[in-house]
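[1] task: produce atomic coordinates for the following.
(one chain, ligands or ions: 4)
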Amino acid sequence: LLMENDLHRALERGELVLYFQPQFDCRSGRLVGAEALVRWNRAGRLVPPAEFIPLAEETGLIVPIGTWALGEACRQALSWQPHLSWPVRVSVNLSPRQLEAAGVVDAVADAIALSGLPPTLLEIEITEGAVVRDTQQAAFTLQRLRALGVSVAIDDFGVGYSSLSYLQELPVDKFKIDRSFIARLHGPGSDDRLVRALIAMAHSLKVGIVAEGVETPFQLEQLKTLRCDEAQGFLLGRPMPASEFLALVERWP
Ligand code: G
Ligand code: G
Ligand code: MN
Ligand code: NA
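    Numbering: from 1, shown residues only. Ligands and ions are numbered 1, 2, ... in the order given. Model (predicted):
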């Protein structure tokens, strides 16, 4: 309860901040987007989401936190656009409870309208787990989100599903390969069969594919060879404060 009260106040006091982790096109090497990742600046310590998102989910605080994150992500992303000659997208994570909340489509629509960010530059990330809970309801909500012009990515792809059939019914634009699969690409001769299969599945469904957790040059080379579309990970950039991400965009060739 103590932490719940704290978290509630944190939102009101502006103690939540977004970090941004860059995402790159594998073929061209271009910076193409960033994933927004929330942090709690609690008395000088940056608390990672794993320590408070579960509580926020349980208590329902995730809904106002999510509304704030959507608005903040859109505002920041708008500030990146003048510095590059191609669009740079922002991705925002939505947890299962947010996806099921009645006002989620309105919250996304409001964030776009209030910020002025073109809707095509906003991407919503949801985990497979959120979709599997109630596939029909999720599909309906995702369809309404896409009707706004935003895109939808399935996060942690490959670890959460119980059946592949849901993939055919689901209106999504992109899969993000879970980093546990990328971690298995540790060197020449390593087993890349699952990564290959996930990339092939995305391509045959005409869905984009992003690798998460890219930590080594070897992994990046493998992903390029396997025709993965985009990459994200510590090798290419850690999650960073908004000011640092803006500086990265400003000095990008
Ligand atoms: O930044 P870090 O790797 O610690 O993030 C861990 C997880 O926390 C992410 O994979 C994501 O699922 C979750 N997360 C981060 N930011 C947000 C957010 O703004 N909203 C929600 N719902 N989850 C988030
Ligand atoms: O949404 P998701 O839970 O996938 O959020 C991504 C999380 O993964 C963030 O917490 C981020 O800090 C973390 N992350 C990002 N890149 C890497 C990486 O290359 N390696 C590892 N181990 N974690 C990463
Ligand atoms: Mn994510
Ligand atoms: Na992920």
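[2] contacts for the helix or strand hosting Asp110 next, please.
    Using DSSP states H and E, Asp110 sits within helix 104-115. The contact list for helix 104-115 (C-beta atoms under 8 Å, 6 or more residues apart in numbering) reads 66-67, 70-71, 73-75, 77-78, 94, 98, 117, 119, 122, 124, 141, 144-145, 148-150. Backbone N, C-alpha and C define where each C-beta goes, glycine included.
[3] write the PyMOL selection for whichever of those residues are buried.
    A single PyMOL command is used to select the members of these judged buried by 16 or more other C-beta atoms under 10 Å:
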select buried, resi 66+67+70+71+73+74+75+77+94+98+117+119+122+124+141+145+148+150
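[4] for Leu226, grab the count of nearby residues.
    By other C-beta atoms under 10 Å, 17 other residues sit near Leu226.
[5] same question for the one 3 residues further on.
    For Asp229, the number of neighbouring residues by other C-beta under 10 Å comes to 20.
[6] which element follows whatever helix or strand Val152 lives in toward the C-terminus?
    Using DSSP H and E, Val152 sits within strand 151-157. Downstream of strand 151-157, the first helix or strand assigned by DSSP H and E is helix 165-169.
[7] list the buried residues in that next one.
    By neighbour count on 16+ other C-beta under 10 Å, the buried set for helix 165-169 is 166-167.
[8] return it as PDB; C-alpha atoms alone will do.
    Presented in PDB, the C-alpha positions along helix 165-169 are these (Å, rounded to 0.1, in the frame of the first residue of the first chain):
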ATOM      1  CA  SER A 165      -3.700 -20.100 -35.500                       C
ATOM      2  CA  TYR A 166      -4.300 -16.800 -33.700                       C
ATOM      3  CA  LEU A 167      -1.500 -15.200 -35.900                       C
ATOM      4  CA  GLN A 168      -3.700 -15.400 -39.000                       C
ATOM      5  CA  GLU A 169      -6.600 -13.700 -37.400                       C
END
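[9] what about that helix, distance to the chain center?
    On the basis of C-alpha atoms, centre = their mean, to the nearest Å, helix 165-169 sits 21 Å off its chain's mean C-alpha point.
[10] so which elements touch it?
    helix 135-147 (3 or more C-beta pairs under 8 Å, 6 or more residues apart in numbering; DSSP states H and E).
[11] buried sites along the helix it packs on?
    Buried residues in helix 135-147 (16+ other C-beta under 10 Å): 135, 138-139, 141-142, 145-146.
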